[in-house]
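Student: coords please:
(chains A and B)
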Amino acid sequence: NAGVMQNPRHLVRRRGQEARLRCSPVKGHSHVYWYRQLPEEGLKFMVYLQKENIIDESGMPKERFSAEFPKEGPSILRIQQVVRGDSAAYFCASSPPLADSSYNEQFFGPGTRLTVL
Amino acid sequence: AQKITQTQPGMFVQEKEAVTLDCTYDTSDQSYGLFWYKQPSSGEMIFLIYQGSYDEQNATEGRYSLNFQKARKSANLVISASQLGDSAMYFCAMREGKPGANSKLTFGKGITLSVRP
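Tutor: Numbering: from 1, shown residues only, chains lettered A, B, ... in the order given. Just a heads-up that it's a prediction; the model follows:
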């Protein structure tokens, strides 16, 4: 009964490098959400995807950040040319089709802790 | 205005006693959902309880109950018979609109709960 899986759990990058964060949703879930948690803060919504489609990216920074959820494989959050301010925990959550859930509960992965040196 | 407000400083409770964690919210939607998540020191996000705006009864899940006061826009979490393992950060979150195509959550800043033996 695998839940949401994220890897890596910890990622260290130097300024200017790229960071790739992966998220495998719960089997059968077609909705994926990415959130960012800065130290001492709550989670903030970044992007919502369904298979092969970005539905809502209103929380994504305009530059350097991108996300995808291909037909096959995990969802990827990509951060190009990382800066120190990108250091945070990045959480992925998935939810089932509405027909399978009365309130679209989101199941969270364990998060990826990104540290930018 | 903040959509989710959690203003309590760090909370302390004696083991086996009950504790209430406060949450107020702000939305103009008639349909919305309120969630509570627990984040232990290990960092994962654990779903605790859900309350829909049209639910007439307060939600309960084991030792967790939600004191939902719609007119006051508050959704306080009550933990009964506290256990040492309840020590964690607790986040209140809201989904605006009906469950459906986009169920992104807005989180509060969280409350730290420490259970004393």
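
Student: which non-adjacent residue is nearest residue 70?
Tutor: I'll assume chain A. Spatial nearest neighbour of residue A:70, excluding adjacent residues (Cβ to Cβ, 6 or more residues apart in numbering or on different chains): residue A:52 at 6.4 Å. In this view, the C-beta of every residue, glycine as well, is placed from N, C-alpha and C.

Student: that's the other chain; I wanted chain B
Tutor: Setting aside the residues directly before and after it, residue B:70 is nearest to residue B:53 in space (Cβ to Cβ, 6+ apart), at 7.0 Å.

Student: tell me which element the spatially most central residue of chain B is part of?
Tutor: By Cα atoms, centre = their mean, the mean C-alpha position of chain B lies nearest to residue B:36, the distance being 3.4 Å. Following DSSP states H and E, one finds residue B:36 within strand B:32-39.

Student: Whichever helix or strand comes after that strand pairs with which strands, and in what direction?
Tutor: Downstream of strand B:32-39, the first helix or strand assigned by DSSP H and E is strand B:46-52. Its sheet considered, strand B:46-52 pairs with strand B:32-39 (antiparallel) by DSSP bridges.

Student: Can you pull the residues of chain A lying near chain B?
Tutor: Listed as neighbours of chain B in chain A under the rule Cβ under 8 Å from any Cβ of the partner chain: A:31, A:33, A:35, A:40-45, A:48, A:55-56, A:59, A:89, A:91, A:93, A:95, A:98, A:101-111, A:113.

Student: Any of the residues you listed buried? List them.
Tutor: By neighbour count, with 16 or more other Cβ atoms under 10 Å in any protein chain shown, those hold A:31, A:33, A:35, A:42-43, A:45, A:48, A:59, A:89, A:91, A:93, A:95, A:103-111, A:113 as buried.

Student: Now, these that are in strands?
Tutor: A:31, A:33, A:35, A:43, A:45, A:48, A:89, A:91, A:93, A:95, A:107-108, A:113 (DSSP state E).

Student: Residue B:28: which of the residues you listed is nearest?
Tutor: Nearest to residue B:28 among those, counting by Cβ to Cβ, is residue A:45 at 18.3 Å.

Student: and that closest one, what does it touch?
Tutor: In this structure, residue A:45 makes contact with A:33, A:34, A:35, A:58, A:59, B:104, B:105, B:106, judged by Cβ atoms under 8 Å, 6 or more residues apart in numbering or on different chains.

Student: pretty sure the second one contacts residue A:92?
Tutor: It refers to residue A:34. Yes - counting by Cβ atoms under 8 Å, residue A:34 does reach residue A:92; the two are 5.7 Å apart.

Student: joint contacts of the two?
Tutor: When contacts are counted by Cβ under 8 Å, 6+ apart, residue A:34 and residue A:92 have A:23, A:75, A:77 as shared neighbours.

Student: Next, format these as JSON lines and append pLDDT, secondary structure and neighbour count.
Tutor: JSON lines is the format used below for the shared contacts of residue A:34 and residue A:92 (pLDDT from 0 to 100; DSSP: H, G, I helix; E, B strand; the rest coil; neighbours: other Cβ atoms under 10 Å in any protein chain shown):
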{"residue": "A:23", "pLDDT": "97", "secondary structure": "strand", "neighbour count": "26"}
{"residue": "A:75", "pLDDT": "97", "secondary structure": "strand", "neighbour count": "23"}
{"residue": "A:77", "pLDDT": "98", "secondary structure": "strand", "neighbour count": "26"}
